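In: Prediction below, plus the sequence it came from.
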Amino acid sequence: AAFAVRLLTSRRKNESEIEEATALAGEAEDTSPGTTGAVKPVDLEWQNITCSLSDKRGKHVKYLLNNVSGEVKAGRLLAIMGPSGSGKTTLLNVLAGQLSASSRLKLTGHLYVNGKPFVSSTHKVAYVRQEDLFFSQLTVRETLSLASELQLSNSLTHDERMQYVDDILYRLGLVSCADTRVGDAKVRGISGGEKKRLSIACELIASPSVIFADEPTTGLDAFQAERVMETLQNLAVDGHTVICSIHQPRGSIYAKFDDLILLAEGSLVYAGPAGDQALTYFTELGHPCPQHVNPAEFFADIISVDYSSPDNEAKTRARLESLVEAFNKKRSTESDKVHESASKSTQGSTRKAVLAGRKRIGWWKQFRLLLRRAWLQATRDGPTNKVRANMSISSAIIFGSIFWRMGFLQTAIQDRMGLLQVAAINTAMAALTKTVNIFPKERQVVDRERAKDSYALGPYLFSKLIAEIPVSASFPLMFGTILYPMAGLNPVLNRFFQFCGIITVEAFAASAMGLTVGAIAPTTEAAMALGPSIMTVFIVFGGYYVNSENTPAVFQWIPRVSLIRWAFQALCLNEFRGLKFEHQHTYDIETGEQALERMSFGKSSIKEALLEECRILLFWYCLSYTLLKRNTPRFQKLDAPCPNTSVKIEEMNE
Ligand SMILES: Nc1ncnc2c1ncn2[C@@H]1O[C@H](COP(=O)(O)OP(=O)(O)OP(=O)(O)O)[C@@H](O)[C@H]1O
């Protein structure tokens, strides 16, 4: 059935045939829930959407959207245009049911899906955001395959799934770059336009009926922008309902729009068919579009307020107000007809409104898929791994040269302790900075995927931990293998292995702390500032600078939670037990055990210190889990307007 839809719709583009094709898809979807690719036709209608912003004391500040109404039918491409700050993204978010919740916002209005009131929990929409975020080391095909495995029904065989992915690659013109890695700032991957089309492709996997795209051409050159819009147009032709916000598109792009909404300062200036009808409407109001001028530029000119001088501002504002008023008048005369057609579509609709709620795949399957992705991401990230390897080797050589063959003189006791503290700090810092550098960006991708209910947080965090063990363990091992013999640490083979084991566990604890920092901090920059600051406190209470017995009572909890302290303590116990030092005076330290007594480590064991380190690791993991869970995005509720809202808005306009 899916195939029939595409064949029918790609060859014949007139509306009645699209209706026929989408109806066929709808029926197929109703009878066979495992089918992919079928698009249920969805008409959206919204009435009197008003979004107001108030200050902290609840006083009204401004309207982000002011009594906005409109509609879009299945198989049509609607463009929302308007100057910057006019409310395009806000309207798009409201229609997608994804306006971020805020106590300062109040959202009222009506939203209908195929004539039925919108219910957020049962509606599935695709939302292509402005920023394209992916796992950079996966290829285009791998990215899509994983999305398909996470989002599609279990009843599909591997071959069917691959066929489906190939089909989407083909439809979105991504075949030529299917096996190219997505790439990032460090490694060049696919182009900006290809990234945007990949974003659309990922959203298409679940065959959403409605596709929202927020400024899909921003940052693209003219050719790429044209291709992206062509893709959206084709999707509309395939039966999807497509709504995008866009800034001043060029003429050839404007020609692709079926419907148009013009917004200015949150108010409607026009809503209706694009093309000649829109131009005729403005001509009738005394604003003809000059010949050979791009209509999109013409609209931008007449609905923008010019702030270059008070005179210009007054003039352009008066023009804008008259346009808003004229459209309100037009709308109020048409409103009776709109209500009639809305009630007809409610009665006529026998199919379910939109995509039915999809069942998420099982925990272990999620874990396996995410483990594979995390593994590919960790092992393929050559530049990052190379930098980490170079850092581990060079810091080991530098510290090894400074603490070269320390020997067993009295002075070597201080040197050994200094080196062990430096090793603990270096290991923790390297693991922390790597995580806080990468995780905030990865979190954005994960947040988006989780908003689509692709997987749960548990399998994600667990798979990340497991996948990173071999890669993350290799750097402390490199560091230890070079440093240990250079510095002449305890020359027993077993002690060397324990040294490597301790710093590896510490690296994981620091990495888990990095996850928590990344979960709190809004940006990578904030995480990079916060992470090392917290670590500095742990360094101060790391056992070397302040003896735990001299720690003021109020701070005594800090050494207990300091991952540096437990790593340092374990390293000291591993190093000093059984060592003998040359001594001349009675007050000299003769044995390693005496040195440990001085540090107040005498009564503890490596096992106990390692257990504490593991507890800290677990604590940071659990905290990251809780914080990430709490950060699940919340969306603003759409309330019904008060009966006298329209009066209030009219009063405000006056
Ligand atoms: N949560 C919010 N709190 C306060 N102000 C907001 C919020 N969301 C949006 N705004 C304000 O509402 C106005 C409309 O914002 P919106 O992002 O919808 O505009 P836009 O037309 O998409 O702009 P652009 O084209 O520049 O992206 C702007 O003035 C913006 O600052």
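Out: Cool, the structure landed. Owing to the predicted nature of the structure, the values given are computational and were not obtained by experimental measurement. Numbers count the residues shown, from 1 in each chain.
In: Determine which residue lies closest to the centroid of the chain.
Out: Geometric centre of the chain, nearest residue: Q444, 2.3 Å, by Cα atoms, centre = their mean.
In: could you list every residue that touches it?
Out: Taking Cβ atoms under 8 Å, 6 or more residues apart in numbering as the contact definition, Q444 lies against 131, 133. Any C-beta I mention is one placed from the backbone N, CA and C, and that applies to glycine too.
In: Please give the element, helix or strand, for it.
Out: Per DSSP states H and E: Q444 is located in helix 411-451.
In: And the next helix or strand past that helix?
Out: helix 457-487.
In: now that following helix, how far from the chain's geometric center?
Out: Centroid separation for helix 457-487 versus its chain: 26 Å, with Cα atoms, centre = their mean, to the nearest Å.
In: who does it touch, helix- and strand-wise?
Out: Helix 457-487 sits against helix 363-380, helix 382-402, helix 411-451, helix 493-520, helix 606-630, with contacts defined as 3 or more Cβ pairs under 8 Å, 6 or more residues apart in numbering; DSSP states H and E.
In: give me the low-pLDDT residue ranges for the stretch 251-400 of the chain?
Out: 335-359 (pLDDT under 70).
In: how does this structure divide into domains?
Out: 1-41, 42-124+209-344, 363-630 (automatic domain parsing).
In: does any bit of the second one sit next to the ligand?
Out: Translated: domain 42-124+209-344. Yes - contact of domain 42-124+209-344 with the ligand (Cβ under 6 Å from any ligand atom) involves 53, 64, 82, 84-90, 102, 105, 245, 247.
In: And the strands in this structure, which stretches?
Out: Ranges of strands in the chain, per DSSP state E, are 44-54, 60-72, 77-81, 105-113, 116-117, 125-128, 210-214, 241-246, 259-264, 267-273.
In: on that earlier part again, show me the two of the residues of domain 42-124+209-344 next to the ligand that sit farthest apart.
Out: Pairwise distances across the residues of domain 42-124+209-344 next to the ligand (Cβ to Cβ) peak at 24.7 Å, for the pair S102 and H247.
In: What pLDDT does the model give the residue nearest to T632 when sequence neighbours are not counted?
Out: Distances taken as Cβ to Cβ, 6 or more residues apart in numbering put R450 closest to T632, at 6.8 Å, once the chain neighbours are dropped. pLDDT for R450: 86.
In: Spit out the contact partners of R450.
Out: Counting by Cβ under 8 Å, 6+ apart, R450 has contacts 456-457, 460, 632.
In: 10 Å instead, please
Out: By Cβ atoms under 10 Å, 6 or more residues apart in numbering, the contact list for R450 reads 443, 456-457, 460, 628-629, 631-633.
In: Of those, which qualify as buried by neighbour count?
Out: Burial by neighbour count, 16 or more other Cβ atoms under 10 Å: within these this picks out 443, 456-457, 460, 628.
In: Nearest to the ligand among those residues?
Out: Taking Cβ to the nearest ligand atom as the measure, the ligand lies nearest R443 of the buried ones among the contacts of R450, at 20.5 Å.
In: pLDDT averaged over stretch 624-644, what's the number?
Out: When pLDDT is averaged over stretch 624-644, the result is 82.
In: Which of the residues in it are classified as buried?
Out: Neighbour-count burial for stretch 624-644 flags 624-625, 628, 635-636, 638, 641 (criterion: 16+ other Cβ under 10 Å).
In: export these to TSV and tack on distance to L618?
Out: Shown next, in TSV, are the buried residues of stretch 624-644 (distance: Cβ to Cβ, whole Å):
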residue	distance to L618
S624	11
Y625	10
L628	16
F635	33
Q636	36
L638	41
P641	50
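In: and which of the residues you listed is nearest to the ligand?
Out: Of all these, the ligand sits closest to Q636, with 8.9 Å by Cβ to the nearest ligand atom.
In: doesn't L65 make contact with the closest one?
Out: No - judged on Cβ atoms under 10 Å, Q636 makes no contact with L65 at a distance of 11.5 Å.
In: Need the overlap of contacts for these two.
Out: Each of 51, 94, 99, 107 lies in contact with both Q636 and L65 under the rule Cβ under 10 Å, 6+ apart.
In: quick check, nearest of those to S267?
Out: The closest of the shared contacts of Q636 and L65, once distances to S267 are taken by Cβ to Cβ, is C51, at 11.8 Å.
In: quick one: the closest one from V39, how far?
Out: Distance of C51 to V39, computed by Cβ to Cβ, to the nearest Å: 29 Å.
In: Please identify which of the two sits among more neighbours.
Out: Of the pair C51 and V39, V39 is the one with more neighbours under other Cβ atoms under 10 Å, namely 29 against 24.
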